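# just the structure for this:
(one chain, ligands or ions: 1)
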Amino acid sequence: MDPTRICILCGADTLSDIRYSDDIAGITSDCKLWPYSGRYARCTTCGHVQKRLSGRLINDIENIYSNYEPYSLSNGDEHLIFHESANITRSYALLKRLKLAIKNIPQEGRLIDIGCGNGSFLKAFGDACPKWDLFGFEQSNLRAKGVAAVKEIYCGSLDTIEGTYDIVTMIHVLEHVFEPVNFLRGLHTLINPAGVLFIQTPFFKTNPFDLTIVDHCSHFQPDTLAYAVNAAGFSTTLQEDWIAKEIGIVAGEGGSNQIPAAYAAVTTSVEQSFLWLHKVAAHARELSGQGTFGIFGTAIAGTWLASMAMPQVNFFTDEDPQKQGKEHLGLPVFHPQSVPYKDAVVYLAFPAETSIAIYKRLSVSYPQIKFCVPPALNAAGDCV
Ligand SMILES: [Zn+2]
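The predicted model follows:
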């Protein structure tokens, strides 16, 4: 069977192309431009939004990972996530939510972070629970940086991991996996009978920019993430929006393997998200033609928006001190206070709701800059 026709979640031969998904520029998850974003499809059996696993896409993803440079602009440190009032790392925001979800985390235990990257979540967890034994897993032989309390980082395949764990975390990993359900099944041998599996993924409804990431094979929504976890034999204990723009799930052993039949009725409209991306790109292009134009933010959204508005983008601006004074896509990155142009227009590269909250803060802090926000979506999915 042609692999581009098979749903990567449920295995049915029922993929259907998604409207408005053409002409979307591709970005790698380490924030580089990529010439091809893949072909998007939705499974009419389970509702899962995904990329068709063509030979070209698989080849591209292998190339992306072989040259991977996470957070290269910030010297390998984790991006800050921007709140209205303060900037914190995603790991600390997640840890706060995890502690609310798992009431009474014991004093001691064993945790492994699958796809631990540079160890930022392990570090956050170790700071909060110093008596825990912490472990990490990475496909490549990246070593967790600055995590003194880590016992071991396993590399290669899941088979190399020894022992069992009270908490297994997977933060922004499952969307990269070619066979998500099989991958999750492989975790049963790692989790203690009363252990907890914690999974976090992006969500295209609240963050449409997720759709532009080439090496995200899956674009989960709450129902399809629950489907993956249930189909792999885990039981879902809690699911919610953990931090803005993302979805998370807490699960344990003891799943019934019974998959609810109603998933085809998943209602999140990915077409609205693609439509919004097109409108944001058109809006940015229109504004960029009117004078000196900059983009606020150098992560996925800012990189993507710049690629859609090139060559009329003059600079980036970012409040993260690690990024200031550097170049991104060959353009300078300024602190908002140091933007050297009068009457510059700066586009806030964030999902609509987030950008309005950020706009309110920035327009007070940096009144010399004219900030612009992306169009909002009304209930019908139209830009307003
Ligand atoms: Zn499916």
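
# could you list the low-pLDDT ranges of the stretch 51-200 of the chain?
70-89, 141-149 (pLDDT under 70).

# if you set the cut-off to 80 instead, what comes out?
Where the stretch 51-200 of the chain drops to pLDDT under 80, the residues are 69-94, 96-104, 118, 140-149.

# now it against the ion: closest residue?
Residue nearest to the ion within the stretch 51-200 of the chain: residue 181 (10.1 Å; CB to the ion). Yep, even glycine has a C-beta here, placed from its N, CA and C like the rest.

# and for that residue, the neighbour number?
Using other CB atoms under 10 Å, residue 181 has 20 other residues around it.

# close enough to count as contact, it and residue 9?
Yes - between residue 181 and residue 9 there is a contact at 6.5 Å, judged by CB atoms under 8 Å.

# identify the contacts common to the two.
Common contacts of residue 181 and residue 9 (CB atoms under 8 Å, 6 or more residues apart in numbering): 228, 231.

# which strand or helix spans the residue of the stretch 51-200 of the chain closest to the ion?
helix 180-185 (DSSP states H and E).

# now do the contacts for residue 187.
Contacts of residue 187 by CB under 8 Å, 6+ apart are 114, 158, 168, 197, 232.

# let me fix that: residue 331
Residue 331 sits next to 306, 313-316 when contact means CB under 8 Å, 6+ apart.

# apply 7 Å and report the result again.
For residue 331, the contacting residues are 313-316, by CB atoms under 7 Å, 6 or more residues apart in numbering.

# could you do residue 318 as well?
The neighbours of residue 318, taking CB under 7 Å, 6+ apart as the test, are 297-298, 324, 333.

# just give me the closest of the residues you listed to the ion.
residue 297 (33.4 Å).

# what residue is smack in the middle of this protein?
Compute the mean C-alpha point of the chain, and by CA atoms, centre = their mean the closest residue is residue 202, 4.1 Å away.

# where does it fall, phi/psi-wise?
With angles defined as degrees, to the nearest 10, residue 202 sits at phi -70, psi 170.

# what's the pLDDT at it?
Reading off the confidence values, residue 202 has pLDDT 93.

# what is the burial count for residue 115?
Neighbour tally, residue 115, other CB under 10 Å: 17.

# just give me the neighbour total for the residue nearest to it when sequence neighbours are not counted.
Spatial nearest neighbour of residue 115, chain neighbours left out: residue 173 (3.6 Å); criterion: CB to CB, 6 or more residues apart in numbering. Other residues near residue 173 come to 20 when the count uses other CB under 10 Å.

# just residue 130 next, same as before
Look at residue 130: counted by other CB under 10 Å, it has 11 neighbours.

# any chance of TSV for the contacts of residue 318, columns secondary structure?
Formatted as TSV, those follow (DSSP: H, G, I helix; E, B strand; the rest coil):
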residue	secondary structure
297	coil
298	coil
324	coil
333	strand
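
# and those, which two are furthest apart?
297 and 324 (12.8 Å; CB to CB).

# rewinding a little: contact partners of the helix holding residue 181?
8-9, 174, 177, 218, 228-229, 231-234.

# please go through these and note which also touch the ion.
residue 9 (CB under 5 Å from the ion).

# out of the contacts of helix 180-185, which are inside strands?
residue 218 (DSSP state E).

# out of the contacts of helix 180-185, grab the one that's most surrounded.
Ranked by neighbour count (other CB under 10 Å), the contacts of helix 180-185 have residue 228 at the top, with 28 neighbours.
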